[in-house]
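Peer 1: attaching a predicted model along with its sequence, questions to come.
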Amino acid sequence: MKVMQGRVALQLRRLSRGQHCVRNLKRRLLSCFVPQKRSFRSARASSHRFSSYGECRKPCAHVEHGLVILGLQITLFCVTSCATILNHGFSEPGAWQIKSGQLMYRTPNTTLIGETLVRFSKTGDFELTVSKGPGITLLSLRQDASFAEVKGGLARQGWSGPVAQAPPQLRGWLGLRDQFLHAPDRKTLRYAAGNETFVFRF
């Protein structure tokens, strides 16, 4: 009886071991053909990081390169402009024709009457000063054929540079040079530019 019970117990142990092996074999086969969820996510995340880095690196390199070129262009422009302004020399007053009198300057919103001093030469140099009372300069203008420098309250913030690049609000003032060079002996000079009117009396 005891021998029979031992044989039955041995068969049961073998059967349980066989079932355990089958379960282990199934897990191994599934792990070979079906990737685990965690490993799939990590592989996908790594792939995404690698592709994002590769895609972003090229545009960033182009942007950095463009910014460097833009900075160099701005620096070159500023250096060239400053050098042009500093190196430009106006002629010193010599055998110039000088006229003093009054100027009435009128716009749709402003009417101003001030003292004026005009100096110009046969070579095309021109200077204009407009003042209101002693020591109050409203506008100071120096100009030749290609370059001009304007200062004073009527010029707003002031300006200097090539005449062809003058801001619109100063073009009327810069047009006075040609008027005086073409009619140097006039006692009264009237000039209109846009909505601005200049009347000189000497």
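Peer 2: Looks like it arrived, so ask away.
Peer 1: give me the below-cutoff pLDDT ranges for this protein.
Peer 2: 1-91, 93-94 (pLDDT under 70).
Peer 1: so what does the helix or strand where residue 179 lies touch, helix or strand wise?
Peer 2: Assigning secondary structure by DSSP states H and E places residue 179 in helix 176-182. In this structure, helix 176-182 packs against strand 111-120, strand 126-131, strand 188-193, with contacts taken as 3 or more CB pairs under 8 Å, 6 or more residues apart in numbering; DSSP states H and E. In this view, the C-beta of every residue, glycine as well, is placed from N, C-alpha and C.
Peer 1: now those strands in TSV, with distance to residue 200?
Peer 2: Formatted as TSV, the helices and strands packed on helix 176-182 follow (distance: least, CB to CB, whole Å):
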stretch	distance to residue 200
strand 111-120	7
strand 126-131	10
strand 188-193	4
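Peer 1: could you point out which of these sits nearest residue 137?
Peer 2: strand 126-131 (5.1 Å; CB to CB).
Peer 1: from the contact counts, what lies against the closest one?
Peer 2: Strand 126-131 packs on strand 111-120, strand 137-143, helix 176-182, going by 3+ CB pairs under 8 Å, 6+ apart.
Peer 1: which one of these is the most hemmed in?
Peer 2: strand 137-143 (a mean of 20; mean count of other CB atoms under 10 Å).
Peer 1: next, the angle strand 126-131 makes with it.
Peer 2: Interaxial angle of strand 137-143 relative to strand 126-131 (axes from the mean of the first three to the mean of the last three CA atoms, to 10 degrees): 180 degrees.
Peer 1: describe which strands strand 137-143 pairs with in its sheet and in which direction.
Peer 2: The pairing partners recorded for strand 137-143 under DSSP bridges are strand 126-131 (antiparallel), strand 147-151 (antiparallel).
Peer 1: possible to save those strands as a markdown table with mean neighbour count?
Peer 2: Compiled in a markdown table, the strands paired with strand 137-143 are given as follows (neighbours: other CB atoms under 10 Å):
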| stretch | mean neighbour count |
| --- | --- |
| strand 126-131 | 21 |
| strand 147-151 | 20 |
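Peer 1: can you tell me which of the ones you listed comes nearest to residue 177?
Peer 2: Residue 177 lies closest to strand 126-131 among those, at 4.0 Å (CB to CB).
Peer 1: ok, which stretches of the chain are helices?
Peer 2: 2-33, 37-87, 171-174, 176-182 (DSSP state H).
Peer 1: what's the neighbour count on residue 121?
Peer 2: By the criterion of other CB atoms under 10 Å, residue 121 has 16 neighbours.
Peer 1: these two touch, right, it and residue 96?
Peer 2: Yes. Assessed by CB atoms under 8 Å, residue 121 is found in contact with residue 96 at 4.7 Å.
Peer 1: select, out of the strands paired with strand 137-143, the one closest to residue 187.
Peer 2: Using CB to CB, the nearest of the strands paired with strand 137-143 to residue 187 is strand 126-131, at 17.1 Å.
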